[in-house]
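Participant: here is my input, please return the structure:
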Amino acid sequence: MNAERTSPLERRADVHAALADVSRLQIVDHLAVTDASASEIGVELGLPSNLLAHHLKVLERVGLVTRRRSEGDARRWYYSLAVGDCVADPAGGPRRPTRIPQRLLFVCTANTARSHLAAALWRRASGLEAGSAGTHPGEAINPRAIATAARHDLDLPQVAPCRLDDASRPGDLLITVCDRAHEELRGLAWAHWSIPDPVPDGSDDAFDRAVEDLASRVESLAPRLTASA
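Facilitator: Residues are numbered from 1 along each chain as shown. So this is what the prediction gives:
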């Protein structure tokens with residue numbers, strides 16, 4: 001067997017070996033829906049910090065998990081699921097909402113870019129209603145977010161940024177797409193997606209990367225929520 005075929009096979013074997021542990025499967029299931037810090041994962045799964053650190057290193061080493069420093073609290077690192085083509089769907093049982101959501105509400109700090117793009121992507125992928133809000137809303141949607149939506153053929157309404165307290169309704173399912181908002185809400189949101197803020201960079205590439213990251217998460221979550229409805 002030549003090296004070109006052996007390497008992918010070896011990686012698949014490494015991935016399956018990493019998943020041959022109940023705790024690591026639980027971590028992957030959890031990260032299939034939400035990004036989380038090590039302390040959040042430990043609380044959710046009841047794992048001691050030393051054992052959790054070992055499991056996360058194993059998953060990171062085989063490429064199933066990545067981590068990124070928080071844009072809010074720089075002492076935090078957020079872990080994300082990063083599944084390639086070696087395993088079609090390792091997360092066999094990711095958590096579902098305890099209730100059927102009436103609407104998804106995507107939340108960031110300023111409600112000028114990421115949360116609007118996430119809501120637009122959700123509306124394209126699902127029949128469930130979606131909205132957006134900010135913990136400290138800005139004055140207007142970022143012009144580059146509007147241009148990015150146009151490039152990706154997304155329907156992004158021209159509305160003013162809205163404060164979370166004013167936008168939220170009973171029955172909403174909150175998803176934060178901003179580290180600062182997630183940390184400010186302290187667990188109020190059902191899930192957190194740690195999406196780098198494209199505004200400081202300001203380039204088309206930065207906004208396109210944000211859309212691609214959001215789109216992959218929306219495409220993963222939408223069938224699960226539809227199936228639970």
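
Participant: contact partners for the residue nearest to the spatial centre of the chain?
Facilitator: What sits nearest the mean C-alpha location of the chain, by CA atoms, centre = their mean, is Trp193, with 2.6 Å. Contact partners of Trp193, counting by CB atoms under 8 Å, 6 or more residues apart in numbering, are 34-35, 118, 175-177, 213-214, 217. For every residue, glycine as well, the C-beta is placed using N, CA and C.

Participant: switch the cut-off to 6 Å
Facilitator: When contacts are counted by CB atoms under 6 Å, 6 or more residues apart in numbering, Trp193 touches 35, 177, 217.

Participant: which residue is the nearest non-sequential neighbour of it?
Facilitator: Val177 (4.9 Å; CB to CB, 6 or more residues apart in numbering).

Participant: and the lengthiest helix in the chain, what does it pack against?
Facilitator: Longest helix in the chain, counting residues (DSSP state H): helix 204-228. Helices and strands touching helix 204-228, as assessed by 3 or more CB pairs under 6 Å, 6 or more residues apart in numbering; DSSP states H and E, comprise helix 114-125.

Participant: helix or strand right after the helix it packs on?
Facilitator: The element immediately downstream of helix 114-125 (helix or strand, assigned by DSSP states H and E) is strand 129-134.

Participant: and after that next one, which helix or strand comes next?
Facilitator: Scanning forward in sequence from strand 129-134 by DSSP H and E, the next helix or strand is helix 143-151.

Participant: re the thing from before, report the buried residues of the longest helix of the chain.
Facilitator: If you call a residue buried by 16 or more other CB atoms under 10 Å, then helix 204-228 has these buried ones: 206-207, 210-211, 213-215, 217-218, 220-222, 224-225.

Participant: still on that earlier bit, what's the closest of the contacts of Trp193 to Asp165?
Facilitator: Val177 (17.9 Å; CB to CB).

Participant: quick check: phi and psi on the residue nearest to the centre of the chain?
Facilitator: Dihedral pair for Trp193: phi -120, psi 110, per degrees, to the nearest 10.

Participant: any idea how far it is from Ala17?
Facilitator: 28 Å (CB to CB, to the nearest Å).

Participant: how is this structure partitioned into domains?
Facilitator: Per automatic domain parsing, the domain ranges recorded for the chain read 3-81, 103-228.

Participant: out of the buried residues of helix 204-228, which is nearest to Glu139?
Facilitator: Closest to Glu139, out of all of the buried residues of helix 204-228 and judged by CB to CB, is Phe207, at 18.8 Å.

Participant: surely Leu105 is in a strand?
Facilitator: Yes - according to DSSP: H, G, I helix; E, B strand; the rest coil, Leu105 belongs to a strand.

Participant: quick one: it and Ile175 touch, right?
Facilitator: No - Leu105 lies out of contact with Ile175 (CB atoms under 6 Å); the separation is 7.3 Å.

Participant: quick check: the gap between Arg67 and Ala191.
Facilitator: The value you get for Arg67 to Ala191, if CB to CB is used, is 17 Å.

Participant: all good on my end, thank you.
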